[in-house]
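Asks: next input, structure requested:
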Amino acid sequence: MLKSAQSLASEDKLDEALCRLESAASLTPDSFEITYNMGILYRKRQQYMAALQAFEKALATNPSEPADLYYTKAITHHELADTLNKWAHELAEATQTEAPAQRQDSLDDFRTDMAKNLTDMALPEAWGKLDANALKGEAVKQYQAAIKAYQDFLGSASELDKARDDAHQQVLTLEETVKTLSQTDLTQDNPS
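Replies: As a prediction, the model looks like this:
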């Protein structure tokens, strides 16, 4: 199901792809690949909160791959913050320049857009701008988590390099011992 969902997503058939992944997730709810790909599809559909929830679940199912996931979460938070900020600016502009009847239409459109993309969040009028700033802060935290994960990876890689160098030195020492031993004639009496 995962391959067919990825194929559908590459053809920009996001709804069908998401349907396949949701079916697959019901069979294997702890699958990192399925949950992660659901997050990617939600993000492409600009359903940022659902994407973040999927990424959080993916992180819980596979903590051995945190760096890319933290980075993806950071980007998603950033996109959500930008979207909220854009909506807040549009709403502010509309409410300042439009007649009262049009203003109400703009406010209704704003609420509809937010409800469509952020179904699990409250929708007070002043919420957009304030939450955009809060989410930018969350994006920064996620970027910092990604940086730490990459630094941890680099630390592990340098430890691996040191271990590889030590192993290489051991091989050289053993090869030298074998060479010395093979050149030694053990049948001769030892002068003592």
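Asks: pLDDT on the helix or strand where residue 173 lies, on average?
Replies: For residue 173, the host element (DSSP states H and E) is helix 127-183. Helix 127-183 shows a mean pLDDT of 70 in the predicted model.
Asks: and the protein, what are its domains?
Replies: As given by automatic domain parsing, the domain ranges for the chain are 1-64, 65-151.
Asks: which of those domains has the lowest average pLDDT?
Replies: When the domains of the chain are compared on average pLDDT, domain 65-151 comes out lowest at a mean of 65.
Asks: kindly provide the distance from the residue nearest to residue 25 when sequence neighbours are not counted to residue 24.
Replies: Leaving out its chain neighbours, the residue that sits closest to residue 25 by CB to CB, 6 or more residues apart in numbering is residue 34, at 5.1 Å. C-beta: built from backbone N, CA, C; applies to glycine. Separation of residue 34 from residue 24 (CB to CB, to the nearest Å) stands at 5 Å.
Asks: ok, residue 61 next?
Replies: 14 Å.
Asks: mutual contacts of these two, please.
Replies: Residues touching both residue 61 and residue 24 (CB atoms under 8 Å, 6 or more residues apart in numbering) are residue 31.
Asks: ok, the two, which is more surrounded?
Replies: residue 24 (20 against 17; other CB atoms under 10 Å).
Asks: check contacts around the more buried one.
Replies: Counting by CB under 8 Å, 6+ apart, residue 24 has contacts 1, 2, 5, 31, 34.
Asks: the same query, at a cut-off of 7 Å, please.
Replies: Contacts for residue 24 (CB atoms under 7 Å, 6 or more residues apart in numbering) come out as 1, 2, 34.
Asks: which of these has the most neighbours?
Replies: That'd be residue 34 among the contacts of residue 24, by other CB under 10 Å, with 26 neighbours.
Asks: am I right that residue 16 is in contact with residue 9?
Replies: No. With contact defined as CB atoms under 7 Å, residue 16 does not reach residue 9; the gap is 8.7 Å.
Asks: which of these two has more neighbours?
Replies: The neighbour count for residue 16 versus residue 9, taken as other CB under 10 Å, is higher for residue 9 (19 against 14).
Asks: restricting to C-alpha, output the helix or strand that one falls within in CSV.
Replies: Secondary structure from DSSP H and E places residue 9 in helix 2-10. This file holds the C-alpha atoms of helix 2-10, laid out as CSV (Å, rounded to 0.1, in the frame of the first residue of the first chain):
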residue,chain,number,x,y,z
LEU,A,2,2.9,2.4,0.8
LYS,A,3,4.3,2.1,-2.7
SER,A,4,0.9,2.7,-4.4
ALA,A,5,0.3,5.7,-2.1
GLN,A,6,3.7,7.1,-3.0
SER,A,7,2.9,6.6,-6.7
LEU,A,8,-0.4,8.3,-6.4
ALA,A,9,1.2,11.2,-4.5
SER,A,10,3.8,11.6,-7.2
